[in-house]
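> this is a predicted model, with the sequence first.
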Amino acid sequence: MPQCLICKTPYEPFIDFGKMPIANGFLTAEQFDKEYFFEMKVGFCSNCKMVQLVEQPDREMMFHENYAFFSSTSTRQVQHFKEFADLTAKEHLTLTDPFVVEIGSNDGIMLQNFADVGIRHLGIEPSANVAQAAIDKGIETVTEFFDEKLAQTIVEKQGQADAVLAANVMCHIPYLHSVAAGIKILLKPTGVFMFEDPYLGDIVEKTSYDQIYDEHVFFFSVASISFLFGQHDLEVVDVLPQNVHGGSMRYVIAHKGQKQISQAVIQQQEKEQQLGLHLPETFEKLRQNIEKSREELMNILTDMQKQGKRVVGYAATSKSTTVTNYCGITEEMVEFISDTTPIKQGKFSPGTHIPVRAYNDFCDNYPDYALLFGWNHAQEIMAKEEKFMESGGKWIVYVPSVKVQE
Ligand code: DWN
Ligand code: SAH
């Protein structure tokens, strides 16, 4: 039986997605026969309440010099991180010569805002190509994986931080005890660690199972995060729901006893009890909902195929790798996936080998249906695709439920 990565309690997985490739491993035809797969199973620890992948590929297989995700591909996300940075500066960088550190800083989408106004900052980003994109913009970045040892080095060279930030990266790191120990060392006595990740409550409520892929080893709740940081003499002092990536939660962590705990923390914990995030039955039900979602999506796609309709995937997201592989979506159903990221274009989708093409290929010859793999950016995407809809084009969506949408 696998053991919980946080508290070592043995647990039974509640779902097995079968063999999955590297979600961001977009590849050329010559690479097909060497493609790597792992068994993707997910479990719930009834002791510390952490939901987690049973097996995760080695970190160097996912985060390297050809990492395919560049954060700044979404204008909504650029705005979101500006707001996050502004709030941090206003509320937490009030002492003289403040220092802010970001874990998983990618192409500098957040740190740009501090660099622009001359605030002392440091990005920690192990994927060399996206780190270089940040460095090219004048953002201080080290190409390293964050852990306790690196935290010690940063403190020795640059001192402790007023604020440590992280977005969509904590859930990627299996060795979270080392990360929490590093935060304990890195934070000034009055400092805060603020991080956000897709929220387990939203995943359960919306059946957004495509948030599960190799990079996402954990699916957090206030309960599981409180347990983890509690073991390192740190505590959750505030939680703020975020309307990004289909529903995220921002957690504010401080040294124990340093800050007042907000009512929001208590209220969110009560909400989690109502949602049943502490009960194995909830995840049994989630498995059933995932299976139902797959069946409904495949019914639509096979129907379209029979009718000879053209379906094109919209955005070659990491999440789409889970959907295409788990459902068994083929090139016969989805002609190609359109994506704005140059490094993905001209390649094939991981596992299912559906061609990934430039955005212009979508615009130049609109399909009958667009399968919305970037559903978390629906607002931004719908706003710029009016012409597609005017041409009679319709959307196939699968979160929070499977449907065809005009
Ligand atoms: O946690 C993670 C999140 C933050 O980003 C990482 N593990 C990897 C990545 O996940 P994702 O690939 O599912 O992210 P997005 O932001 O849902 O999708 C980005 C992809 O969508 C890019 O390849 C660009 C593409 N895209 C597009 O083609 N047209 C995005 C938008 C907004 C568009 O209009
Ligand atoms: N913060 C950005 C990027 C999220 S993608 C955003 O929200 O858009 C996750 C990023 O975390 C990748 O760039 C990856 O290289 C990085 N990462 C993965 N493991 C890490 C670790 N141990 N320390 C720091 N960064 C890590």
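Here it is on my side, so go on. Ligands and ions are numbered 1, 2, ... in the order given.
> pLDDT wise, what is the closest residue in space to residue 211 that isn't next to it in sequence at?
Among residues not flanking residue 211 along the chain, residue 198 sits closest, at 4.9 Å (Cβ to Cβ, 6 or more residues apart in numbering). In this view, the C-beta of every residue, glycine as well, is placed from N, C-alpha and C. Here, the pLDDT recorded for residue 198 equals 98.
> give me the neighbour count for residue 198.
25 (other Cβ atoms under 10 Å).
> next one: residue 374
21.
> still on that earlier bit, can you list contacts of the helix or strand hosting the residue nearest to residue 211?
Per DSSP states H and E, residue 198 falls inside strand 187-198. Here strand 187-198 makes contact (Cβ atoms under 8 Å, 6 or more residues apart in numbering) with 84, 88, 92, 103, 160-171, 183, 208, 211, 216, 218-220, 234, 237, 242, 244-255, 258-259.
> drop anything exposed from these.
Applying 16 or more other Cβ atoms under 10 Å to the contacts of strand 187-198, the neighbour count classes 84, 88, 92, 103, 160-171, 183, 208, 211, 216, 218-220, 234, 237, 242, 244-255 as buried.
> so which of the residues you listed sit within strands?
Within the buried ones among the contacts of strand 187-198, residues falling in strands by DSSP state E are 103, 161-167, 218-219, 234, 237, 242, 248-255.
> tell me the contacts of residue 375?
If you count contacts by Cβ under 8 Å, 6+ apart, then residue 375 has 246, 397-399 around it.
> could I get those as TSV with secondary structure and distance to ligand 1?
Listed next are these as TSV, based on DSSP: H, G, I helix; E, B strand; the rest coil; distance: Cβ to the nearest ligand atom, whole Å:
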residue	secondary structure	distance to ligand 1
246	coil	9
397	strand	14
398	coil	14
399	coil	11
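> quick check: residue 223 vs residue 379, distance?
Distance of residue 223 to residue 379, given as Cβ to Cβ, to the nearest Å: 30 Å.
> run a quick neighbour tally on residue 6.
Using other Cβ under 10 Å, residue 6 has 21 other residues around it.
> how about the secondary structure of it?
Look at residue 6: counting by DSSP: H, G, I helix; E, B strand; the rest coil, its state is coil.
> ok, it touching residue 50?
Yes. Assessed by Cβ atoms under 8 Å, residue 6 is found in contact with residue 50 at 4.9 Å.
> overlap in contacts of the two?
Contacts common to residue 6 and residue 50, judged by Cβ under 8 Å, 6+ apart, are 224, 227-228.
> just put these in JSON lines and tack on distance to ligand 2, secondary structure and neighbour count.
Below are the shared contacts of residue 6 and residue 50 laid out as JSON lines (distance: Cβ to the nearest ligand atom, whole Å; DSSP: H, G, I helix; E, B strand; the rest coil; neighbours: other Cβ atoms under 10 Å):
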{"residue": "224", "distance to ligand 2": "18", "secondary structure": "helix", "neighbour count": "26"}
{"residue": "227", "distance to ligand 2": "20", "secondary structure": "helix", "neighbour count": "18"}
{"residue": "228", "distance to ligand 2": "15", "secondary structure": "helix", "neighbour count": "25"}
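> close to ligand 2: what parts of this protein are there?
Residues of the chain found near ligand 2, taking Cβ under 6 Å from any ligand atom as the criterion, are 63, 67, 69, 71, 103-104, 106, 109, 124-127, 130, 145-146, 167-169, 172-173.
> just checking, residue 77 is part of a strand?
No. Read with three-state DSSP, residue 77 is helix and lies in no strand.
> excluding chain neighbours, what is closest to the spatially most central residue of the chain?
The centroid of the chain falls nearest to residue 168 when counting by Cα atoms, centre = their mean (4.6 Å). In this structure, residue 168 finds its nearest non-sequential neighbour in residue 197, 6.0 Å apart by Cβ to Cβ, 6+ apart.
> for the one you found, name its beta-bridge partners.
Under DSSP bridges, the beta-bridge partners of residue 197 are residue 249.
> contacts only, for residue 325.
Per Cβ under 8 Å, 6+ apart, neighbours of residue 325: 17-21, 350-352.
> again, but for residue 175
Contacts of residue 175 by Cβ under 8 Å, 6+ apart are residue 147.
> ramachandran angles for it?
Main-chain torsions, residue 175, degrees, to the nearest 10: phi -90, psi 60.
> how about the nearest residue to residue 68 once chain neighbours are set aside, secondary structure?
Nearest non-adjacent residue to residue 68, counting by Cβ to Cβ, 6+ apart: residue 24, 4.3 Å away. Assigned with three-state DSSP, residue 24 falls in the coil class.
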